[in-house]
Every structure is written in C-alpha cells, then in structure tokens.
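Chemist: Got a predicted model here, sequence first, then my questions.
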Amino acid sequence: MEKKANGFPMGHVYGLVLSLLLTFLAAGVVLKTALSFPAVMAIIGTLAILQAALQLFMFMHVTEGEDGKTNLINIVYGVVCAVIIVAGSVWVLTSGHAH
C-alpha cells in the first residue's frame, strides 16, 4: 500500500478495518444464523484463514524484502509447526481416555 506524504500508513488502517469487518462477520454468523454447526464452523474457518492472510500482507509485510523465497519458507515452516502442534494436541487429548 502507498503511504501519504506525511507518512501516515493508510495500509494499516485499511487492514484494521478489513480485520474488524471479518471479525464482526464471524460474530454475526455465530449469533444471527440458523445454520447447522458444521456449516458455521466451515464459515468461521474460512473467515479465519482470510483474516490470517490479510494480516500477513497488511501488517507483517510478507511481500516486502529482497528475497520472496525466504518469506515463503518462513510461512511454510510456521504452518507446519502449527499443524504439528494442533494435531499433536488433539492426539494427546483424545487418546488419554484409553489409559
């Protein structure tokens, strides 16, 4: 995003407004719809992924830098770590009842 002459980061303002919009949209889906539980979870998951991508681009400046390859490797590493942590937590919490 472009900055104005006085250096005010309008890109951050746009990112904040879009993040708030996605958050309120998710809250509206939870509070004001009569959809089934799996449908609500799918919508919230989709909105969460969109918001994470928005924050990567607007606040964490993932497109900036000299080498785009390094940023991609870092994002993939973060996603792999998150998947391992979540999958491991689910595995431990669901298999604990057998002992």
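Modeler: Alright, I've got the coordinates. Just so it is clear, the structure is predicted and the values come from calculations on it, not from any experiment.

Chemist: Flag every buried residue along the helix or strand containing Gly78.
Modeler: In this structure, Gly78 sits in helix 68-95 according to DSSP states H and E. Buried residues in helix 68-95, defined by neighbour count with 16 or more other C-beta atoms under 10 Å: Asn71. (Each C-beta comes from the backbone N, C-alpha and C, glycine too.)

Chemist: Can you give the distance from that helix to the centre of its chain?
Modeler: With C-alpha atoms, centre = their mean, to the nearest Å as the basis, helix 68-95 stands 14 Å off its chain's centre.

Chemist: ditto for stretch 46-58
Modeler: Taking C-alpha atoms, centre = their mean, the mean C-alpha location of stretch 46-58 is offset from the chain mean by 4 Å.

Chemist: Using CSV, list the CA coordinates for it.
Modeler: Provided in CSV are the C-alpha atoms of stretch 46-58 (Å, rounded to 0.1, in the frame of the first residue of the first chain):
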residue,chain,number,x,y,z
THR,A,46,-12.8,-19.7,6.1
LEU,A,47,-13.1,-16.2,7.6
ALA,A,48,-10.2,-17.1,9.9
ILE,A,49,-7.9,-18.1,7.0
LEU,A,50,-8.9,-14.9,5.1
GLN,A,51,-8.1,-12.8,8.2
ALA,A,52,-4.7,-14.5,8.7
ALA,A,53,-3.8,-13.9,5.1
LEU,A,54,-4.9,-10.3,5.3
GLN,A,55,-2.8,-9.8,8.4
LEU,A,56,0.2,-11.4,6.7
PHE,A,57,0.1,-9.0,3.9
MET,A,58,-1.1,-5.8,5.6
